[in-house]
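In: for reference, the sequence and a predicted model appear below.
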Amino acid sequence: LERIERIGLGYLSLDRETSTLSGGEGQRLKTVRHLGSSLSGMTYVFDEPSVGLHPRDVHRLGELLLRLRDKGNTVLVVEHDPDVIALADHVVDMGPGGGAEGGRVVFEGTPAELAASGTLTGRCLGRRTEVKTEVRAPAGELWVKGAARHNLRDVTVSFPAGVLTAVTGVAGSGKSTLVAEFTDAHPEAVVVDQSSIGISGRSTPATYLGVMDTVRKIFARETGAEPGLFSFNSTGACATCGGRGILHTDLAFMDPVTTTCPDCEGRRFGEEVLRLTVGGRSVADVLEMTAGEALDFFQDTGVRRRLRALRDVGLTYLTLGQPLSTLSGGERQRLKLATRLHRDGAVFVLDEPTTGLHMADVDGLLGLLDRLVDAGNTVVVVEHNLQVVAHADHVVDLGPGGGRDGGRVVFEGTPAELLRAPGSSTGEHLRRAVG
């Protein structure tokens, strides 16, 4: 219980269902569970433990990681947050880009050496956050009145229309609950979250974006074969694996073993399909292309428009045939956003869109959000990333703490005004970020 209190979760009641915890709360509970172990010489691997955490909570997370290390353990952390990177004894920077442009170690050394290294990560670590000084004028107001769900305390707040609003606050302060109240009050809002994409296990970016239908028609037209032959869900599927590319072997009392199909070698199509090509590429070759490579390959305007949407949300490194089940929460969210980009006059609600993004990719996301707003949309983001908070036109900050200590609006206004706001943890960390 002392450990739970020490990481800032002392407000949780012991009968609280874990399914009701926020992402940041769940992340810290998982971590503190391991602190009770008396084992040493262990290796712990954390995959982006700062996801869903306010900068104040990231500091507490860092203390936990250092405590694990100091007990004689090895701690490996996959992370984008500069505050977590700064705590490391050793940094391995991968790159230089993503997808086909990555896969190499571009730097090894200390955080200080990384900041001076000239790599993309190093350059991002060396820059300061800049607060937006000229904000957009609102085109109206969207109200939430008397919200009292969960820990919200009769909250009434106005969201300006036609601008970018950031909803922020420490973990458990009521951000997601307030945004849920907002979407209930304004059901026309387009909610783009990180939940699973509710489609079959055979779904890919190509099928989700509607590109695959056109690809099949192009191959059928150029080769004279039936369109169904170019689908791994239809007549073109490998007979051995049924178009899955893998085989599941049941080992009775042991976990089943998954192996690559020996006949199609994981390509999911029969041999007669793989012999049919367009521009020297088979349909399997097309599905193995990244979205960026496919943009250079296809001339069809419809396909190119959908692929450009992937580029706009920073997913050009995804291959067209990658199973959607392998995407991270942040990637799923941006894929959903890609299908909704060309709407105007809409209200968009995004839940932590920077999840899983490198600091350089956040710049691209901000450009995308700006284009959405400039097209006449209202954009509301629940976000901890200080780059996003500093770039917003309007900020709604909840707190001052989490759980029973939260549920109140402690600040409303522009990022520049937030710098001078007393009693706001977000304002305090934004001041540090801008120096």
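Out: Nice, thanks for sending it over. Numbers count the residues shown, from 1 in each chain.

In: quick check: end-to-end length of stretch 263-277?
Out: End-to-end distance of stretch 263-277 (Cα to Cα, to the nearest Å): 19 Å.

In: now that stretch: mean pLDDT?
Out: Stretch 263-277 carries an average pLDDT of 94.

In: go on, stretch 111-124?
Out: Mean predicted confidence for stretch 111-124 is 95.

In: burial measure for S40, as a count.
Out: If you count neighbours by other Cβ atoms under 10 Å, S40 ends up with 10. C-beta: built from backbone N, CA, C; applies to glycine.

In: burial count for the nearest residue to it once chain neighbours are set aside?
Out: Spatial nearest neighbour of S40, excluding adjacent residues (Cβ to Cβ, 6 or more residues apart in numbering): G72 at 3.4 Å. Residues within reach of G72, counting by other Cβ under 10 Å, total 10.

In: pretty sure G72 contacts T43?
Out: No - with contact defined as Cβ atoms under 8 Å, G72 does not count as touching T43 (11.2 Å).

In: and what about the residue positioned nearest the centre of the chain, helix, strand or coil?
Out: Centroid-nearest residue in the chain, with Cα atoms, centre = their mean: G330, separated by 1.8 Å. Here G330 is recorded as helix under DSSP: H, G, I helix; E, B strand; the rest coil.

In: please tell me how far it sits from H358.
Out: Per Cβ to Cβ, to the nearest Å, G330 is found 11 Å from H358.

In: also D351?
Out: Distance of D351 to H358, computed by Cβ to Cβ: 19 Å.

In: and those two? Which one has more around it.
Out: For D351 versus H358, the count of surrounding residues by other Cβ under 10 Å is larger for D351: 23 against 17.

In: any weak-confidence spans in the stretch 201-350 of the chain?
Out: For the stretch 201-350 of the chain, residues meeting the criterion pLDDT under 70 lie at 201.

In: if you could redo that for the stretch 51-200 of the chain, that was the one I meant.
Out: Along the stretch 51-200 of the chain, the model assigns pLDDT under 70 to residues 99, 198-199.

In: mind jotting down where the strands sit in it?
Out: In the stretch 51-200 of the chain, the strands defined using DSSP state E, counting those that start in this stretch lie at 74-78, 91-95, 104-109, 141-147, 155-160, 164-169, 190-192.

In: would you mind finding the most buried of the ones you listed?
Out: Mean neighbour count (mean count of other Cβ atoms under 10 Å) peaks for strand 164-169 among the strands of the stretch 51-200 of the chain, with a mean of 28.

In: other SSEs contacting that strand?
Out: helix 175-185, helix 359-374, strand 378-382, helix 386-391, strand 394-399, helix 425-434 (3 or more Cβ pairs under 8 Å, 6 or more residues apart in numbering; DSSP states H and E).

In: mind running it again at 7 Å?
Out: Packing partners of strand 164-169 (3 or more Cβ pairs under 7 Å, 6 or more residues apart in numbering; DSSP states H and E): helix 175-185, strand 378-382, helix 386-391, strand 394-399.

In: export those to CSV and tack on distance to G242 and mean neighbour count?
Out: Listed next are the helices and strands packed on strand 164-169 as CSV, based on distance: least, Cβ to Cβ, whole Å; neighbours: other Cβ atoms under 10 Å:
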stretch, distance to G242, mean neighbour count
helix 175-185, 40, 20
strand 378-382, 41, 25
helix 386-391, 44, 23
strand 394-399, 50, 26
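
In: and Y11, which of the ones you listed is closest to it?
Out: Of all those, strand 394-399 sits nearest to Y11, with 12.0 Å by Cβ to Cβ.
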